[in-house]
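**Q** take a look and give me a structure for this.
(one chain, ligands or ions: 1)
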Amino acid sequence: MALAWIYVAVVGLLVGSFLNVVVYRVPRGLSVVRPRSACPSCDTPLRALDNIPIVSWIVLRARCRTCREPISWRYPLVEGANAVIWSLDALRIGFHPILVAVLIGSSVLLALALIDAETMTLPRVLVYWGLALSALAMLIAALGSHDVHALFRGLVAGAGWFLVFFALNFASPRALGFGDVRLAGLLGLLLGWWGLGEVLVGFFAANVLGVLVGGFLILTKRRRRDQPIPYGVYLAAGTLFALWFAPALLSHWPYWPQR
Ligand SMILES: [Zn+2]
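**A** Numbering: from 1, shown residues only. Just a heads-up that it's a prediction; the model follows:
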C-alpha cells in the first residue's frame, strides 16, 4: 500500500512537470509535444537530468545550467501541488478504478485554474481534452466496477450543469464567459459520479470561495470592483473541495438522504 502511495505521488510530480508545459504553451497556441522543453531565457533544450521535478530545481539552485538565468519557483511549486492533489485524491477515493478519472480531472482543473488566473481565459482545447479523457476513464471504471449507474449520473450531471451555466451565460455573457460553461460540464461530470449532493457542494463551495476571496481582494484594494474575476479558478477549487470533503459534509447534514 505504501508503495502505491509513493507511486501516485511520483507520477503526480511527473505529470505536474508536464502541466508546467501545458500552462505555458496552450494559451500561446503552441504544441505541448514539440519542441522539447527548453530554458525560456537561452532556449537550450533541457537535458533529461536537468528536467527531474523539484530535484533538478534544487540541484541547479534555481538557475539554468547554461545561461545561469533564474528559473521561476513556479515550476517546482506546480509539480509539488499536483503531487499533493493526487495524494489527496488517492487518500479520499482509495485505489478504486475511478481514481484514474479523478486524477486526470484534477490535473486538468489545476492547469485550467493557473491559466485562468494568469490570462482570464479557459482554453477550449484543454477543457475538451479534460472532458474526453475523464469521460473515457470513467467509462473504463464503470465497466471495471460494474457501476454503470455512476457513469450515467456523471454524464447527466455534466450535461445538466453545462445547461445551467449555458442559461446563466445567455442571461449575462459579461459576468460569466463561455469557458466557464464548458468547465461547469467538467465539474458536473467529475462530481456526478458520486451524486447530486457532491455536485451541489462543488458549486456552492466555488461560489463561497469566489465571494470570500473576491471580497478580500476588493477590500484590500488589490482588485477594482468592476474588474472581472477568474471564475474558473473558483470552479476548479470548488470541484476539488467537493471531491475531498463533500461525503463528510453530507453525512453530517441530517436532511440529506443517506446512502
Ligand atoms: Zn538558460
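**Q** CA atoms for contacts and neighbours, from now on please.
**A** Fine.
**Q** in contact with Lys120, which residues?
**A** Just to correct that, residue 120 is Met rather than Lys. Ile229, Pro230 (C-alpha atoms under 8 Å, 6 or more residues apart in numbering).
**Q** model confidence for it, exactly?
**A** Here, the pLDDT recorded for Met120 equals 91.
**Q** what's the distance between it and Ile229?
**A** Met120 is 8 Å from Ile229, where distance means C-alpha to C-alpha, to the nearest Å.
**Q** residues contacting stretch 157-173, please?
**A** With contacts defined as C-alpha under 8 Å, 6+ apart, stretch 157-173 is touched by 175-178, 180-192, 196, 199.
**Q** buried subset of these?
**A** 176-178, 180-192, 199 (16 or more other C-alpha atoms under 10 Å).
**Q** same question for the one helix or strand Tyr7 maps to, mean pLDDT?
**A** Taking DSSP states H and E as the criterion, Tyr7 maps to helix 2-25. Helix 2-25 shows a mean pLDDT of 94.
**Q** only alpha carbons, please: show it as CSV.
**A** The C-alpha trace of helix 2-25 is given here as CSV (Å, rounded to 0.1, in the frame of the first residue of the first chain):
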residue,chain,number,x,y,z
ALA,A,2,2.8,2.4,0.9
LEU,A,3,4.4,1.6,-2.4
ALA,A,4,1.2,2.5,-4.2
TRP,A,5,1.1,5.9,-2.4
ILE,A,6,4.7,6.7,-3.4
TYR,A,7,3.9,5.6,-7.0
VAL,A,8,0.9,8.0,-7.1
ALA,A,9,3.0,10.9,-5.7
VAL,A,10,5.9,10.3,-8.1
VAL,A,11,3.7,10.1,-11.2
GLY,A,12,1.9,13.2,-9.8
LEU,A,13,5.2,15.0,-9.8
LEU,A,14,6.0,14.0,-13.4
VAL,A,15,2.5,15.0,-14.6
GLY,A,16,2.9,18.2,-12.7
SER,A,17,6.1,18.9,-14.8
PHE,A,18,4.0,18.3,-17.9
LEU,A,19,1.4,20.7,-16.6
ASN,A,20,4.0,23.5,-16.5
VAL,A,21,4.4,22.9,-20.2
VAL,A,22,0.7,22.9,-20.7
VAL,A,23,0.1,26.1,-18.7
TYR,A,24,2.8,28.0,-20.6
ARG,A,25,2.2,26.7,-24.1
